Structures are given as structure tokens and as C-alpha cells.
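Undergrad: need a structure here:
(one chain, ligands or ions: 1)
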Amino acid sequence: MCGIVGYLGRRDCTDVLMDGLEKLEYRGYDSAGIAVFEENNSIKTVKTRGKLTAMKEKLTVEGKPLGHCGIGHTRWATHGEPSDVNSHPHSNGRVTIVHNGIIENYAELKEFLTDKGYKFLSQTDSEVVACLLDYYYSERNPLRAITETLKELRGSYALGILFKDFPDRVYAARRGSPLIVGVGEDESFIESDIPAFLKYTKNYAILEDDEIVCLDNNGEHFFDVHGTPIQKEIQTAEWDVEQAQKCGYPHFMLKEIHEQPEVVKKTIDSIVKDGVPDFSGIGLTDDMIRGFHRVFIVACGTAMHAGIVGRYAIEKLARLPVTVEIASEFRYMDPIVGEGDLVIVVSQSGETADTKAGLELAKTRGAKTLAIVNVKYSAIAREADMCINTLAGPEIAVASTKAYSVQIASLYLLAFRFAYARGIILEDELKRLTAQLYKTPKAIQDAIDQSSQCQFIASQLINTETLFFIGRGFDYALSLEGSLKLKEITYIHSEAYAAGELKHGTISLIEQNIPVITVATQKHILEKTISNMEEVKARGAYIIALCRKGTAFAGKTVDLKLELDFGDIDDMFVPLPTVCALQLIAYYSSVLRGNDPDKPRNLAKSVTTE
Ligand code: M6R
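TA: Model (predicted):
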């Protein structure tokens with residue numbers, strides 16, 4: 001969702017802001033803008049609907065703001081269409097702001113401020129923040145204006161603020177939306193995410209909910225919501241600049257698909273000690289595991305699909321009941337969850353609003369919570385009782401790929417340990433399973449090496465407007481993910497079905513040449529899946545099958561086959577290599593259609609509003 005940047009230092013502020021916004025492009029946006037203090041202490045704002053290329057053109061036409069202190073924003077529209085006027089920054093009176101989040105009570109605040117004589121230019125909820133700050137600003141005291149304003153706001157926000165009277169200060173505050181403070185030498189940054197300032201400094205502090213920061217020529221000054229000074233720990237980022245760059249790949253998505261063998265191995269290595277998964281370091285002991293009666297996996301999108309793989313693995317191996325819940329449903333369904341339950345929240349970004357709310361609900365109900373999160377400094381990572389920090393490195397493309405793989409690798413390892421702690425398997429089997437998982441990076445690489453076949457399959461889908469994915473068990477979980485990946489970056493209508501469920505209604509949609517991508521890797525149910533393939537074939541479907549090397553299908557059932565070499569890994573682990581083929585099919589389909597797979601329309605990378 002929206003990206004925020006802010007800078008104070010000796011560099012050319014416009015360059016730093018534009019560079020930061022470019023690094024935040026992955027978050028998804030439809031307009032952009034910057035505001036910079038110029039030499040005469042006036043603020044120059046340049047903003048436009050569209051991508052950063054449009055911003056760059058506008059900067060050429062209108063002249064680049066010259067200065068050393070400013071804020072910038074990429075907007076993902078919520079209130080008001082994408083337009084020049086709705087783009088941030090917004091100024092009113094003596095205040096200029098950028099905002100990420102949603103002000104839930106903006107309508108009543110707008111009414112109050114209109115009564116006080118404020119005029120609104122945009123349709124955004126954000127503009128009320130600028131007006132309210134101006135309303136509370138008196139006696140040249142910006143901090144008081146901010147603390148008074150924050151008392152009135154409901155909803156979520158990360159704010160970057162400039163006060164006209166203070167041309168060498170950037171203020172920022174947050175609740176619910178991420179904001180990181182970059183600490184450089186004689187320069188400071190505020191950014192929605194670390195990659196935006198990694199080029200200049202690796203040192204940062206995390207602004208927590210209800211905290212405020214002021215950047216000035218003496219550094220970074222932190223305050224609580226009452227305006228009382230507080231101390232913050234300065235941390236050092238482990239990510240490096242190359243990880244946040246394309247490194248020769250045409251798109252981040254392709255680079256991230258290719259990184260999977262390495263990041264899966266790294267994540268397994270970080271959990272395995274002496275050949276077996278060991279979670280004692282994060283506080284998850286065997287005794288504790290034995291106390292759990294049920295497991296909930298709560299997540300959104302791809303992370304939720306990883307949860308489905310996790311469910312199958314935990315139930316199969318540890319015989320512990322698991323339910324997978326869509327976070328936006330879980331948080332409002334008054335779930336029966338509490339003591340004795342383990343709630344696993346899965347999130348790449350660690351900032352997804354619904355997943356975070358699910359975590360908070362589980363905690364209030366007395367359940368133990370465990371986060372599987374890729375961003376170590378994220379809110380979810382910090383709020384959960386225990387946290388597995390997956391090691392995918394920064395995932396920039398909006399479509400999640402490598403994060404899914406490290407999530408399922410972590411869930412497999414949990415499943416092994418649960419099975420062992422509950423006495424269902426002995427140490428020998430625990431070691432065997434772990435060794436099996438260690439074989440997956442090679443199988444993943446073999447699947448990635450099938451890129452040209454994936455590209456060919458994509459070429460066969462070039463005129464497709466609708467298609468289906470089917471599979472059973474782990475293959476069904478994969479179908480859901482394959483379908484989501486394809487639709488989010490190609491805009492082809494696609495649905496995933498449990499293969500046996502199709503004939504209960506959806507089969508009526510199968511017509512001549514409708515593609516049905518069948519994931520058929522699970523040996524014990526292969527015959528059943530083949531029967532379902534026959535059913536759709538009989539109705540004219542064009543069948544593309546993803547299967548284990550050497551799988552034979554009778555007659556003309558299959559139109560196109562992608563055989564994957566899994567070596568001798570158990571069926572349970574084949575989602576890891578198979579998903580890579582599905583990701584590649586989606587990637588090439590997107591490219592062949594002329595889309596930008598890294599920045600699909602309407603989507604945001606981290607969904608910080610509900
Ligand atoms: O950051 P999270 O893992 O919590 O994000 C969850 C979903 O928003 C995310 O997986 C989304 O579905 C992706 N666009 C899928 O590629």
C-alpha cells in the first residue's frame with residue numbers, strides 16, 4: 001500500500017526522495033508526489049496521478065524542487081480516485097503531510113473542520129490530518145499540534161509532516177502502518193520499509209505505534225504519544241543493497257523465483273540443529289507442544305495457501321487438528337479459540353492488517369501465538385509470543401513467490417517436531433524427514449530449470465480468458481496458489497477446485513478448449529485425479545498436467561504435460577518444486593501479455609488496511 005519517504009541531510013532531497021519512492025514501488029500505487037523546502041523556506045510540491053515515470057516528467061516540466069528537507073509518497077487509492085489532486089502530499093494552512101493508512105473518522109473530522117472554516121481540495125481522508133494539525137498548531141509548537149491531533153484520529157496511519165515554520169525538520173508518527181527511521185551520518189530518513197534507505201545507511205530505529213519522531217540537524221528525537229522524549233534502540237539491517245536489486249533479471253519476480261533453492265536451504269539451516277528441527281531457541285519446547293489441543297493457521301492470500309500445505313503436513317504427521325482461517329474472517333467471526341490452542345500467523349510482510357488483528361484477537365483469548373514472518377522488524381514479528389523468522393530476504397515483487405516456499409519449509413519443520421514431541425514418530429524418523437526436506441532445494445532447482453517448458457505452456461494460454469486448476473490434497477493446496485499467482489499478474493480469470501468437487505457445480509463451466517491445469521503429483525490419489533481429468537476432458541477441456549517424471553496418462557487425456565523430476569523425495573514435499581513451475585507459468589503468461597509482473601494493477605504488496 002502507500003509508501004512514505006522523508007529526508008533531512010546534505011544530499012539533494014528530491015533525488016533521495018525519488019530514489020526511495022522507486023524502492024517502495026513494489027508496495028503498489030497509482031500516484032506519487034513530493035514536497036521539499038526550497039531555499040526561501042517555501043515548500044514546493046510536485047505530485048501527479050500515475051507512476052514514477054509520470055512524476056519524473058512532471059519534475060522536468062515544473063522544475064525539480066531544490067533543497068535538503070522534504071517528504072514523498074506513493075498513493076494506493078482508498079478514498080477518492082487516483083488523480084493529481086488526490087495525490088499526496090496534502091497541504092493546508094501551515095502544514096504539509098503524507099499519509100499511509102485509513103482515517104476511519106475522517107467524515108466527522110471533516111465536518112468539524114469545515115465548521116471551523118477549513119476548505120478541502122481533495123476527496124481523501126488524509127487531508128483532514130493536515131487541517132487538524134494546522135488547527136492545533138499554535139505558539140510555534142509542532143509537537144503539541146501532533147499530540148493533540150493523534151488523540152482525535154481513529155484508524156491507521158503512518159504520517160510524514162512538514163511545518164512551514166520549520167524548514168529544517170521532518171516529523172513523523174505512526175499507528176498501525178509501518179514506519180522506519182533511517183539513521184545516517186549527518187542525515188536522517190523516514191521510510192515505510194528498509195530497502196528505501198539501504199543505499200545510504202543500514203542503521204535504523206523502528207517507530208512503534210503511538211510514537212513520534214522529529215528529524216532535525218541534531219539527529220533523530222523520539223517522543224511518546226504525550227510528547228515525552230523517549231530513547232530508541234538503533235539496529236543494523238541484515239539485508240544488503242544487492243538483495244533489493246534486480247541483479248540482471250528483467251523482473252524482481254523472476255529473480256525471486258530463482259532465489260528459492262538458496263533461501264529454502266537457508267531457512268531450513270536456521271531451524272535445524274544436529275539434523276533435527278529445534279524450536280527451543282524461540283521458546284517452543286516439546287512440553288509446550290504436548291499441551292496444544294488444536295492449531296489454527298491464520299493468514300491472507302499466498303500466506304494462507306502456505307497454511308493449507310502446513311495443515312496437511314501437521315495433521316498427517318502429528319495427528320493434531322488444524323484449521324486454516326482467512327484472517328479477515330477469523331478476526332470477526334468470534335472464533336472459539338483460547339487456552340490450549342496454538343495460533344500460527346503467517347505473513348511475508350508481517351504488517352498485513354487482518355493477520356495482525358487475528359494475532360491480537362488470539363492473544364486476548366489466551367491462545368499461544370507463533371508468527372512465521374519474513375520481515376524481522378515487522379509488527380507481527382514483534383507482537384507474537386514466538387516467531388520463526390524466515391530467511392527469504394526482501395521480497396519486492398507484489399506476487400509472493402519465495403516467501404511462500406520458506407513459509408511451507410518452516411511449517412514442515414514444525415510438523416516434524418510436533419509429531420516427535422507428541423510421540424508419533426521417533427528420532428530416526430524425525431531425522432529422515434529432515435533429511436528429506438534438505439533434498440528439496442535440488443528438486444526446486446530442477447523445476448526452475450524447466451523454465452522453457454513453463455514458457456511454452458504460457459504461450460498456449462495467450463488467448464485464454466478463463467481457466468481452472470484442479471488437484472487433490474497437497475495438489476489442491478498448490479492449485480489454489482497456482483491460480484492466485486496466475487490471476488494476480490495476468491488478469492486471466494481463474495478458479496481452483498479440489499478435483500473431486502468440480503462435478504458438484506463448476507463442471508458446467510467446462511466447454512470446448514477451456515484449459516484445466518491439473519496438478520497430479522500425489523501418487524496415492526493419482527487414479528482419482530485422473531478420473532477427474534477424464535470427466536473434464538469428456539466435456540472438451542484442454543488439459544495441462546503437472547506431474548512426477550514418468551507419470552503415464554492413458555490415450556489422449558492430456559494435451560500438454562510438464563514432468564517434474566522430484567528425485568526420491570516424499571510426495572508430501574513436492575509442493576516446494578511444483579509451486580516454482582506454477583510461478584513460472586504465471587510469470588511468463590504475464591510477460592507474454594505485456595504486463596509488468598512486478599507491479600500488477602490494483603494490488604499492493606503489504607495490505608495494511610482491512
Ligand atoms: O505480507 P503477507 O504475507 O501477510 O501478505 C498476504 C497477502 O496479501 C499476499 O500473500 C498476497 O496474496 C500476494 N499478492 C500474493 O502473491
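Undergrad: can you pull out the strands in the stretch 451-600 of the chain?
TA: 466-471, 493-498, 515-520, 542-548, 560-564 (DSSP state E, counting those that start in this stretch).
Undergrad: meant to ask about the stretch 251-400 of the chain, not that
TA: Using DSSP E, counting those that start in this stretch, the strands of the stretch 251-400 of the chain run over residues 272-273, 276-277, 294-299, 322-326, 341-347, 368-373, 386-389.
Undergrad: can you redo these as TSV with distance to F197 and mean neighbour count?
TA: C-betas here are computed from N, CA, C, even on glycine. Listed next are the strands of the stretch 251-400 of the chain as TSV, based on distance: least, Cβ to Cβ, whole Å; neighbours: other Cβ atoms under 10 Å:
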stretch	distance to F197	mean neighbour count
strand 272-273	34	15
strand 276-277	35	20
strand 294-299	29	25
strand 322-326	34	19
strand 341-347	23	29
strand 368-373	21	26
strand 386-389	21	22
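Undergrad: and the residue of the stretch 1-150 of the chain closest to the ligand?
TA: Residue nearest to the ligand within the stretch 1-150 of the chain: G28 (9.0 Å; Cβ to the nearest ligand atom).
Undergrad: tell me the spacing between the closest residue to that residue other than its chain neighbours and T323.
TA: The shortest distance from G28 to any non-neighbouring residue, by Cβ to Cβ, 6 or more residues apart in numbering, is to A604 (3.3 Å). Counting by Cβ to Cβ, to the nearest Å, the gap from A604 to T323 is 27 Å.
Undergrad: for Q260, same thing?
TA: Applying Cβ to Cβ, the value for Q260 to T323 is 28 Å.
Undergrad: swap in I408?
TA: Going from I408 to T323 by Cβ to Cβ gives 17 Å.
Undergrad: output the below-cut-off pLDDT ranges for the stretch 201-350 of the chain.
TA: For the stretch 201-350 of the chain, applying pLDDT under 70 flags the ranges 240-242.
Undergrad: coming back round to it: okay, and the residue nearest to G28 sits in which element?
TA: Using DSSP states H and E, A604 sits within no helix or strand.
Undergrad: what's the burial count for R94?
TA: The number of residues packed around R94, counting by other Cβ atoms under 10 Å, is 18.
Undergrad: what's the nearest residue to it if we skip its chain neighbours?
TA: Once flanking residues are discounted, R94 sits nearest to K164: 4.3 Å by Cβ to Cβ, 6+ apart.
Undergrad: isn't the one you found right next to V95, touching?
TA: Yes. K164 lies in contact with V95 (Cβ atoms under 8 Å); the separation is 7.3 Å.
Undergrad: quick one: which of these two has more around it?
TA: Set K164 next to V95 and count neighbours by other Cβ under 10 Å: V95 wins out with 28 against 16.
Undergrad: give me phi/psi at the more buried one?
TA: phi -130, psi 140 (degrees, to the nearest 10).
Undergrad: now do the nearest residue in space to it that is not next to it in sequence against K442, distance only.
TA: Leaving out its chain neighbours, the residue that sits closest to V95 by Cβ to Cβ, 6+ apart is L133, at 4.3 Å. As judged by Cβ to Cβ, L133 and K442 stand 56 Å apart.
Undergrad: so for those two, which sits in the more crowded spot?
TA: Per other Cβ under 10 Å, whichever of L133 and K442 has more neighbours is L133, with 25 against 16.
Undergrad: quick one: contacts for that one?
TA: Contacts for L133 (Cβ atoms under 8 Å, 6 or more residues apart in numbering) come out as V95, I97, A145, I146, T149, I161, F163.
Undergrad: can you check M304 too?
TA: Counting by Cβ under 8 Å, 6+ apart, M304 has contacts I297, V324, I326, A327, V346.
Undergrad: count the neighbours of the residue of the chain found nearest the ligand for me.
TA: For the chain and the ligand, the shortest gap (Cβ to the nearest ligand atom) falls at G301, measuring 1.9 Å. Residues contacting G301 under the criterion other Cβ under 10 Å number 21.
Undergrad: I'd say it and K487 touch.
TA: No. Assessed by Cβ under 8 Å, G301 is found out of contact with K487, at 11.5 Å.
Undergrad: helices of the stretch 101-250 of the chain, start to end?
TA: If DSSP state H, counting those that start in this stretch is used as the criterion, the helices of the stretch 101-250 of the chain fall at 106-115, 127-136, 142-152.
Undergrad: give me every residue in this structure lying close to the ligand.
TA: By the rule Cβ under 6 Å from any ligand atom, the part of the chain lying against the ligand is 300-303, 347-349, 352, 355, 398-400, 488, 603, 606-607.
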